[in-house]
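Provide a 3D model corresponding to the input given below.
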Amino acid sequence: MSEPGKSGDLTSVAEELLEDLTAAKEEGGPLDIPGGIQGLLYRLRVAIEAVTTFTGKISWILVWVVFVLGFFNVVTRYVARFIERDIIVGEIFDLQWMVFGALFLLGLNYGVREGVNPRIDFWWADFPKRRKAIIDLVVHTFLFLPFLVMAIQVLWGWALSGMGRSFDGTWSTWKVWEIWEQSADAGGLPRGPIKLLILIGFILMAAQIVAEIVKQILVLVGRDDLAGVAAHEAPLRVE
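Predicted structure coming up:
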C-alpha cells in the first residue's frame, strides 16, 4: 500500500486500504474453534454479541428517528410563533424524549463492546495485552457486573409495576397496554414501556459485560483470535 501522504486521491487511498484489509483477512484463514471450555466460551461470546450487533443497528435507526422528531418539533414551534397559535403536538414531543432514551438504553451494550467508555488512554494504550486483560477482568467481574446485577434487582419490580403488575405480583390481564402506567402530563405517552426498556437496557449491558469477561479469559489463555477484543490506536499525547 502506498503512503497516504504521497497520494493525491483520497478515494484511491481508501480503496487500497480496503484491499489490504481484505487480503489480510483472506491470508488469516478460517478460525480454529476448539472444543471444550474454550469453544464454549467463544460460542457464548458470539451469541451475546450477535444481540449486541442487533441492538446497535436499532440504535443507529433511532438516531434518525430522534432527528426527524426533533426537526418536526422545532418547525412547529417556530411556525406556531409566526401564526400565533399553539400547534405543538404533545405526543410527538413526548415520543422524541422516549426515543432519545431508547437510543441510549439499547446502545449501552454496543458502546461497551466497542470500547467507547473513557479510559486514562495515555497510560492504557501502552499496557501489554495481558495486563489490559487482567485489569478489565478484575474491574468487570468485581465492580461492573455486581453493580449491574444490583441495578437489575432494583429495577425489576419498578419496571413491571409500570407495566401494570400489582404489588402482590399478579396481573389483572395479559393486555398490558390497558393497565400500564400512563403519563401524568396532558397529551403524554404511557410511561410503562420506557420503564421496561430501562430494565431491558441494563440486562443487555450486563450480558455484554459477561461477554467482555469471556474475552479477557480467552486473552489470558492465549486465544486472542477467539476473543475479538476491540483494537484502539494509541492517542496522541499533548505534552
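
going forward, measure contacts between C-alpha atoms and count neighbours the same way
Noted.

Model confidence for residue 20, exactly?
Looking at residue 20, its pLDDT reads 53.

Residue ranges in the chain under the pLDDT threshold?
For the chain, applying pLDDT under 70 flags the ranges 1-31, 80-88, 118-122, 230-239.

show me the contacts for residue 65.
When contacts are counted by C-alpha atoms under 8 Å, 6 or more residues apart in numbering, residue 65 touches residue 99.

Against residue 56, how distant is it?
14 Å (C-alpha to C-alpha, to the nearest Å).

Which parts of the chain are helices?
10-28, 36-83, 90-114, 121-124, 129-139, 145-162, 192-220, 224-227 (DSSP state H).

Helix 90-114 and the second one, what's the angle between them?
This points to helix 36-83. 150 degrees (axes from the mean of the first three to the mean of the last three C-alpha atoms, to 10 degrees).

Now for residue 143, how many residues are close by?
The tally of other residues near residue 143 (other C-alpha atoms under 10 Å) stands at 11.

and what of residue 179?
So residue 179, with other C-alpha under 10 Å, has 19 neighbours.

Relative to residue 77, how far out is the nearest residue to it once chain neighbours are set aside?
Among residues not flanking residue 179 along the chain, residue 164 sits closest, at 4.9 Å (C-alpha to C-alpha, 6 or more residues apart in numbering). Here the criterion is C-alpha to C-alpha. By it, residue 164 lies 34 Å from residue 77.

If you count surrounding residues, which of these two has more?
Between residue 164 and residue 77, counting by other C-alpha under 10 Å, residue 164 is the more crowded of the two (23 against 16).

For the more buried one, which residues are in contact?
Per C-alpha under 8 Å, 6+ apart, neighbours of residue 164: 171, 176, 179-181, 192.

And the residues you listed, which of them are buried?
Neighbour counting by 16 or more other C-alpha atoms under 10 Å classes 171, 176, 179-181, 192 among the contacts of residue 164 as buried.

could I get stretch 207-219 in CSV with only the CA atoms?
Coordinates of each C-alpha in stretch 207-219 appear next as CSV, following Å, rounded to 0.1, in the frame of the first residue of the first chain:
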residue,chain,number,x,y,z
ALA,A,207,-24.9,-9.6,29.2
GLN,A,208,-22.3,-7.7,27.2
ILE,A,209,-20.2,-7.4,30.4
VAL,A,210,-20.3,-11.2,30.6
ALA,A,211,-19.1,-11.3,27.0
GLU,A,212,-16.2,-8.9,28.0
ILE,A,213,-15.2,-11.2,30.9
VAL,A,214,-15.2,-14.1,28.4
LYS,A,215,-12.9,-12.1,26.1
GLN,A,216,-10.4,-11.4,28.8
ILE,A,217,-10.3,-15.0,29.9
LEU,A,218,-9.6,-16.0,26.3
VAL,A,219,-6.8,-13.5,26.0
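
How far does it sit from its chain's centre?
15 Å (C-alpha atoms, centre = their mean, to the nearest Å).

for stretch 196-207, same thing?
10 Å.

Ok, stretch 67-76 next?
25 Å.

Could I get the buried residue list for that stretch?
For stretch 67-76, the neighbour count (16+ other C-alpha under 10 Å) marks 69-70, 72-73, 76 as buried.

Now tabulate the residues you listed in JSON lines and tack on distance to residue 42.
As requested, those are exported to JSON lines (distance: C-alpha to C-alpha, whole Å):
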{"residue": "69", "distance to residue 42": "40"}
{"residue": "70", "distance to residue 42": "41"}
{"residue": "72", "distance to residue 42": "45"}
{"residue": "73", "distance to residue 42": "46"}
{"residue": "76", "distance to residue 42": "51"}
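
Great, nothing more from me.
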